[in-house]
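Visitor: Pasted the sequence and its predicted model underneath.
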Amino acid sequence: MIRRLILSKQSYIQLTVVLFGSLFGLLMVMSSLQIYQDIRSIVDNKKELISSQFLVVNKPVSILNTLSGSAAVFSEEEIEAFKTLKAVEKVGTFKANQFRAQTGFQLQDKTMMTDMFFEAVPDGFLDVKVSNWNWKPGQPVPIILPTDYLNLYNFGFAPSQGLPQISKGTAKLAGLKVIVSGNGQTAEMSGVIAGFTDRINSILVPESFLEETNKIYGSYKEKGISRLVLMCNDPSDAQLTEFLESRGYETNLEMLKNGKLNALLKMVLSIVLIIGSVIVLLAILGFVQYAQLLISNSNYEIRTLLQLGYRVNTIFKQYLLFYIVLMGLVFVTGTSVLLYIKHLINGYMSEKNFEVDATIDPLVLVYGLSLVIVFLILNALNTFYRIKQLAK
Amino acid sequence: MDIALRTVVPKPLEGNYSSESIWGKDIDFKAGHYYLVKASSGKGKSTLIAYLFGTRSDYSGSVLLDGKETKSFSLNDWSALRKESIAIVFQDLRLFDHMSAFENIIIKQQLTKTVSDEAIQAMAKQLGIDHLLGKPVKYLSMGQQQRVALIRALVQPFKWLLLDEPFSHLDAENTLKMEALIKEVCERNGAGLILTSLGNGSSLNIHSEVLI
């Protein structure tokens, strides 16, 4: 009854406007955060093999290499030169297999085996978390393939051979056969696809695997180092770009582009986030005003209730409960709309062949919820103070 | 519970009150006694009630409840007193206009649940307003509203009943009915009474009259 008494004197139009304001602000902040996370997961390729902080460098292959049979490899001095660059933190070299390697898999009744090569980069240069990347003898060999290989199969090979297409997920489930031979020995092992990458055009295995197998089966001569991976604090650094250009080295340029794109995207999304925060701030101010009006509309009722012997806390709790219900409503509605927006994003992303998480990032929810809680605390403090003023 | 005034002077009346009035003197209101506070308007009757009820504190001197300085009471102390020890009928009644008479009484009754709904009905009947309980207060006359306010004051435990000109809009017959009810409930509670009035007439057994 006292709830009806102190809450009945309010404008429902005002309440609706305030609620929509809060909802809009919250949604703006949450969805821009979510979109930011989604796009970052693609651009930053957090889930890809090597992040934009890493740059793969090779020497151009010319007709001379073909004719002379010498590979375009880096000399020790050339590798050392990279280490003097400010933007470069670490230089990693690609290790290659020195034995004959074949892999294949059983699909329906066809066994497909093919000659392969393996490469490895030092573990520190991987930022992808593959749980079984630390290979030990007897374990299946984890392999990371370029996405292009899968595309080649799915869009070229499979349709022409009447074979089913395979998604990334299914590919990871398929068991592979790995045959290594050299030094007059042969071994058959099992392998498993641990991930796909758009970044390195190579078939990657754990460094430990190559060290171990090269020792036993290694019969080829070491060809020298033809590719380097650089860990950079800023891949778009001018000194680095100039260095690469002057020496005529080739890089996976896409990454440099991504570095810039990422910066641009971060800026755009920061602006959206700032605007969203401003709206939230305005919504908070609007709500505080609404709450003050709600109380001043009921000044007489609150004061009289206090004179009848009701405690400040009792009346405050009624308001608090009301605000919790309102904010809960805003948060739940906001999250539902966000889910819908996320659904739209996912549709758009998969149309464009990007892989993003299907669900809302928990970080976004935590951020949204903490905004709502800050909102509530501010209003609660203000309301408590106002009621206490009326008691005096 | 004894009430005592110790050289209380309202700030608005400083240097401007009669030497016969209670202001500036030591006055005791003894537990269980009935007091009539008489004065013409503008001399501070409602002010006194507000000091005793803790809604105003713009005075010098001190108001003591059982020897305790009331200016030191917290908001929660006052809430507890208003809930359990001091009942009041304000001069301006302070009812909730858009609620029914019954709801106005219930809102007070909820706090302590001292009285049953039937007892409320019975009191309303005694005062001749039982047929009006369901009506919004704003449709009642001032006299009827005064009776609703009285019942609201009586549905709690109390040691003191403060009545600020409760009969101002009532005829002699209804005043008698109200006084009978007041007496009955005060006796049941063993409570004292402080009544302010412009006139003298009262069928209550007033122990002493106080002049402001």
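Guide: Thanks, I have it. Numbers count the residues shown, from 1 in each chain, chains lettered A, B, ... in the order given.

Visitor: and the residue of the stretch 151-300 of chain A found nearest chain B, backbone torsions?
Guide: The nearest approach of the stretch 151-300 of chain A to chain B comes at A:Y300, 8.0 Å away (C-beta to the nearest C-beta). No exception for glycine: its C-beta is placed from N, CA and C like everyone else's. A:Y300 has phi and psi values of phi -60, psi -50 when expressed as degrees, to the nearest 10.

Visitor: In contact with B:A124, which residues?
Guide: B:101, B:130, B:132-133, B:147, B:151 (C-beta atoms under 8 Å, 6 or more residues apart in numbering or on different chains).

Visitor: Let me see the ranges of the helices in the stretch 201-350 of chain A.
Guide: Per DSSP state H, counting those that start in this stretch, the stretch 201-350 of chain A carries helices over the ranges A:207-217, A:238-247, A:253-297, A:299-308, A:312-351.

Visitor: I'd say A:L365 and A:T335 touch.
Guide: Yes. Assessed by C-beta atoms under 8 Å, A:L365 is found in contact with A:T335 at 6.9 Å.

Visitor: Where does pLDDT dip in chain B?
Guide: By pLDDT under 70, the weakly predicted segments of chain B are B:199-202.

Visitor: Pull up the residues of it that are close to chain A.
Guide: With C-beta under 8 Å from any C-beta of the partner chain as the criterion, chain B comes near chain A at residues B:53, B:55, B:75-76, B:79-84, B:88, B:90, B:94, B:96, B:98-99, B:103, B:106-108, B:110-111, B:152, B:156.

Visitor: Which of the residues you listed fall within helices?
Guide: Judged by DSSP state H, helices contain the following of these: B:53, B:75-76, B:79-84, B:103, B:106-108, B:110-111, B:152.

Visitor: are any of the residues you listed buried, and which?
Guide: The neighbour count (16 or more other C-beta atoms under 10 Å in any protein chain shown) marks B:53, B:75, B:79, B:81-84, B:103, B:106-108, B:111, B:152 as buried among those.

Visitor: still on that earlier bit, what would I type in ChimeraX if I wanted to highlight the buried members of the contacts of B:A124 and nothing else?
Guide: Selection of buried members from the contacts of B:A124 for ChimeraX, criterion 16+ other C-beta under 10 Å:
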select /B:101,132,133,147,151
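
Visitor: that older thread, what's the least confident stretch among the helices of the stretch 201-350 of chain A?
Guide: In terms of average pLDDT, helix A:253-297 trails the rest of the helices of the stretch 201-350 of chain A, at a mean of 78.

Visitor: That one and chain B in contact?
Guide: No. Using C-beta under 8 Å from any C-beta, helix A:253-297 stays clear of chain B, coming no nearer than 12.8 Å.

Visitor: Check which helices and strands that helix is in contact with.
Guide: helix A:12-43, strand A:54-58, helix A:312-351, helix A:362-391 (3 or more C-beta pairs under 8 Å, 6 or more residues apart in numbering or on different chains; DSSP states H and E).

Visitor: out of the ones you listed, deepest packed?
Guide: Highest mean neighbour count of the helices and strands packed on helix A:253-297: strand A:54-58, a mean of 22 (counted as mean count of other C-beta atoms under 10 Å in any protein chain shown).

Visitor: quick one, what contacts the closest residue to B:T70 other than its chain neighbours?
Guide: Counting by C-beta to C-beta, 6 or more residues apart in numbering or on different chains, B:T70 lies nearest to B:V63, which is 4.7 Å off, once chain neighbours are set aside. Applying C-beta under 8 Å, 6+ apart to B:V63 gives the contacts B:3-6, B:8, B:51-52, B:69-71.

Visitor: Can you report phi and psi for B:V63?
Guide: Torsion angles, degrees, to the nearest 10, at B:V63: phi -110, psi 120.

Visitor: So what pairs up with it in the strands?
Guide: B:L5 (DSSP bridges).

Visitor: any idea how far it lies from chain A?
Guide: For B:V63, the distance to chain A (C-beta to the nearest C-beta, to the nearest Å) stands at 16 Å.

Visitor: OK, contacts around A:N299?
Guide: A:N299 touches A:L390, counting by C-beta under 8 Å, 6+ apart.

Visitor: Need the contacts of B:A124 in CSV (columns: secondary structure).
Guide: Converted to CSV, the contacts of B:A124 look like this (DSSP: H, G, I helix; E, B strand; the rest coil):
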residue, secondary structure
B:A101, helix
B:D130, helix
B:L132, helix
B:L133, coil
B:R147, helix
B:I151, helix
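
Visitor: helix, strand or coil for residue 196?
Guide: By default, I'm working from chain A. A:F196 - assigned by three-state DSSP - is strand.

Visitor: my question was about chain B
Guide: strand.
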